[in-house]
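# sequence and computational prediction follow.
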Amino acid sequence: MTLKSPWVLLPMLLFMFLFIGSGLYYQASGVDYAFYQISAPVAILPAIILALLLAKGTINQRVEQFIQGCSNPTIVTMLLIFLLAGGFASVAKAIGGVEAVVNLSLDAIPPSFVLPGLFIMTAFMATAMGTSMGSIAAVAPIAVGVAEASDLSMVLTIGAVMGGAMFGDNLSFISDTTIAATRTQGCNMRDKFRLNFKIAVPAALLTIIWLFVQGDAAEVMVNPHSSSTKMLPYILVLGLAVSGMNVLVVLLTGIVVAGLIGLWQVPEYSIATWSGDIYNGYTNMQEILILSLFIGGLGAMMKAGGGLDWLAAQLDRLTRQQSEPKAHRRMGEFSIAIGVALVNVCTANNTVAILISGSLAKDIAIRYGVDPKRSASIMDICACVIQGILPYGAQMLLAASLSGLSPLELVTAVAYCWFLGLVMIVSIVLGMPSGQGSKAAKSTMP
């Protein structure tokens, strides 16, 4: 039996202190590129050393624990997405594909609708694909091109893409977070979707209005001579993604098609150039690859050391202190939200956070009379909010790598996640929608 220990959480706190604290320090000192002075993959090294010192067993056993976390299938899948996304973005940009898509988009859409359009397009893709990562990989390079061809802020454009990706990831029927939330709470997907929809749509409307206001005075520069043929890789990637094809296959197909079009359309573009562009895309992902590996290992050590169990035990002890739990429905729902949020901060993975905190959330829901689909909805929404603004989360790291921004610059720009968090809090306070009174509440997910 794993002992519950708060001490194994210290490495993650140390990493956050070094990563965020150093950036704030250098920014206050007036240093350019403040958040790049101490890179995240380096800032996490002291945290890994501390985790190894705090872990139980021989040094070989501790290292093995860390390596197992790094080799987790979820982590490996993310790394492959990072690599292929980098390769596709690099090749598509080199052949002029990004410029072609951007010019067509800016020519057809009024400037004030560009930011809302990016949000809606990414939201649609993510809902259809069930993955925020694939959506960001496909749309972020377009957003970068839009920002470069206009006076729109790069941070705003990428923030719009991030928000749309998290919207779709939260609502999609095939999203791993939806599946995890409904299975752990024992409810029907459709019922959970209806509750999520009533919270997510107001947040999305607020986001669209905010983005419209932010982009209302934008000026764009369109090149009328862009080749429409060079748009084909993006059109193909978007189409295949919406069709539900595996994101790795989609990105690999995009690399191949973009390269072939480059060989056909771009003078002096050769197989050697194509190879170099793909490799440059790989190298652009170096920082995110290293950090994701290290976070995977660190998260596994915290879980094995009982840190996450300790968090769950503290939350459980707090909720059991109420003499009449069902009279304190708000506390039960806030406890469910706080539980999944804390685990998400420690693991940097919203699906893993839902799976780990699922049994505790179900116990709290039963104790406080919270409907299963309501608890599933709260878990999924809260995990979406935290994952979307977590500076060392996979989505934020991918978006930052593709745009050349610091993850910390993007935290405040993901307007949708902030609005979603606000609407969720209002929903809990008002108790609407409650999810009570439906026969479907007792059903299980097909």
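Received it, and whenever you're ready, just let me know what you need. Keep in mind that what you see is a predicted model, and the values were worked out from it rather than measured.
# helices and strands around the host helix or strand of Thr77, which ones?
Assessed by DSSP states H and E, Thr77 sits inside helix 73-94. The contact analysis (3 or more Cβ pairs under 8 Å, 6 or more residues apart in numbering; DSSP states H and E) places helix 73-94 against helix 132-148, helix 232-243, helix 247-265, helix 271-284, helix 286-304, helix 394-403. All C-beta atoms are positioned from the backbone trio N, CA, C, and that covers glycine.
# repeat that for 6 Å
Judged by 3 or more Cβ pairs under 6 Å, 6 or more residues apart in numbering; DSSP states H and E, the packing partners of helix 73-94 are helix 132-148, helix 247-265, helix 271-284, helix 286-304.
# just name the most buried of the ones you listed.
Comparing the helices and strands packed on helix 73-94 by mean neighbour count (mean count of other Cβ atoms under 10 Å), helix 132-148 ranks first with a mean of 26.
# contacts for it, please.
81, 85, 89, 98, 101-102, 118, 122, 125-126, 154, 157-158, 161, 165-166, 169, 237, 241, 247, 395, 398-399, 402-403 (Cβ atoms under 6 Å, 6 or more residues apart in numbering).
# same thing with stretch 42-49?
Outside stretch 42-49, the residues that reach it (Cβ under 6 Å, 6+ apart) are 11, 14-15, 18-19, 294.
# in the chain, which residue is most central in space?
Gln395 (3.4 Å; Cα atoms, centre = their mean).
# distance check, that residue against Ser292.
For Gln395, the distance to Ser292 equals 11 Å [Cβ to Cβ, to the nearest Å].
# ok, now Ala341?
Ala341 is 21 Å from Ser292, by Cβ to Cβ.
# ok, Trp418 next?
24 Å.
# and for Ala92?
23 Å.
# repeat that for Val237.
With distances taken as Cβ to Cβ, Val237 is found 22 Å from Ser292.
# for Ser150, what are phi and psi?
phi -140, psi -180 (degrees, to the nearest 10).
# in the stretch 251-400 of the chain, what spans have low per-residue confidence?
319-327 (pLDDT under 70).
# ok, the stretch 51-200 of the chain next?
In the stretch 51-200 of the chain (pLDDT under 70), the answer is 98, 101-108, 128-129, 174.
# in this structure, where's the longest helix?
Counting residues, the longest helix found in the chain (DSSP state H) is helix 189-214.
# follow-up on the earlier one: least confident of the contacts of stretch 42-49?
Among these, Phe19 has the lowest pLDDT, at 83.
# what is the burial count for the spatially closest residue to it that is not a sequence neighbour?
Spatial nearest neighbour of Phe19, chain neighbours left out: Ala43 (4.3 Å); criterion: Cβ to Cβ, 6 or more residues apart in numbering. For Ala43, the neighbour count with other Cβ atoms under 10 Å is 22.
# ok, Ala43 to Gly23 distance?
Distance, Ala43 to Gly23, using Cβ to Cβ: 9 Å.
# how about Val385?
22 Å.
# those two: who's more crowded?
Between Val385 and Gly23, Val385 has the larger neighbour count (other Cβ under 10 Å), namely 29 against 24.
# before we move on, which element is the more buried one in?
Val385 belongs to helix 372-389, assigned by DSSP H and E.
# next one: Ile336 from Met379, what distance?
Ile336 is 6 Å from Met379, by Cβ to Cβ.
# now do the shared contacts for those two.
Common neighbours of Ile336 and Met379 (criterion: Cβ under 6 Å, 6+ apart): Ala361.
# what sits against the residue lying closest to Gln185 once chain neighbours are set aside?
Once flanking residues are discounted, Gln185 sits nearest to Ala376: 4.0 Å by Cβ to Cβ, 6+ apart. Residues counted as contacts of Ala376 (Cβ under 6 Å, 6+ apart) are 181-182, 185, 187, 192.
# shouldn't Val414 be in contact with Gly163?
Yes: counting by Cβ atoms under 6 Å, Val414 does reach Gly163; the two are 5.3 Å apart.
# report the buried residues of stretch 207-218.
207-208, 210-212, 214-215, 218 (16 or more other Cβ atoms under 10 Å).
# mind listing residues that contact it?
Here stretch 207-218 makes contact (Cβ under 6 Å, 6+ apart) with 111-112, 114-116, 119, 150-152, 156, 160, 163, 415-416, 419.
# same check, this time on stretch 166-181
Here stretch 166-181 has contacts from 123, 126-127, 130, 132, 189, 196, 200, 204, 350-351, 354-355, 376, 379-380, 384, 388, 416-417, using Cβ under 6 Å, 6+ apart.
# buried sites along it?
166-172, 175-181.
# next, format these as TSV and append secondary structure and distance to Gly259.
Formatted as TSV, the buried residues of stretch 166-181 follow (DSSP: H, G, I helix; E, B strand; the rest coil; distance: Cβ to Cβ, whole Å):
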residue	secondary structure	distance to Gly259
Met166	helix	31
Phe167	helix	32
Gly168	helix	28
Asp169	helix	29
Asn170	helix	34
Leu171	helix	34
Ser172	coil	30
Ser175	coil	31
Asp176	helix	31
Thr177	helix	34
Thr178	helix	35
Ile179	helix	35
Ala180	helix	37
Ala181	helix	39
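# for Glu287, state which of those residues is nearest.
Minimum distance to Glu287 across those is 21.8 Å, recorded for Met166 (Cβ to Cβ).
# which non-adjacent residue is nearest the closest one?
Using Cβ to Cβ, 6+ apart, the closest residue to Met166 is Gly388 (4.1 Å).
# so the one you found touches Ala413, yeah?
No: counting by Cβ under 6 Å, Gly388 does not reach Ala413; the two are 10.5 Å apart.
# the more surrounded of the two?
Gly388 (28 against 22).
# just to revisit the earlier point, adding distance to Val139, write the buried residues of stretch 166-181 out as CSV.
Formatted as CSV, these follow (distance: Cβ to Cβ, whole Å):
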residue, distance to Val139
Met166, 13
Phe167, 12
Gly168, 11
Asp169, 13
Asn170, 17
Leu171, 17
Ser172, 15
Ser175, 17
Asp176, 20
Thr177, 19
Thr178, 21
Ile179, 23
Ala180, 24
Ala181, 25
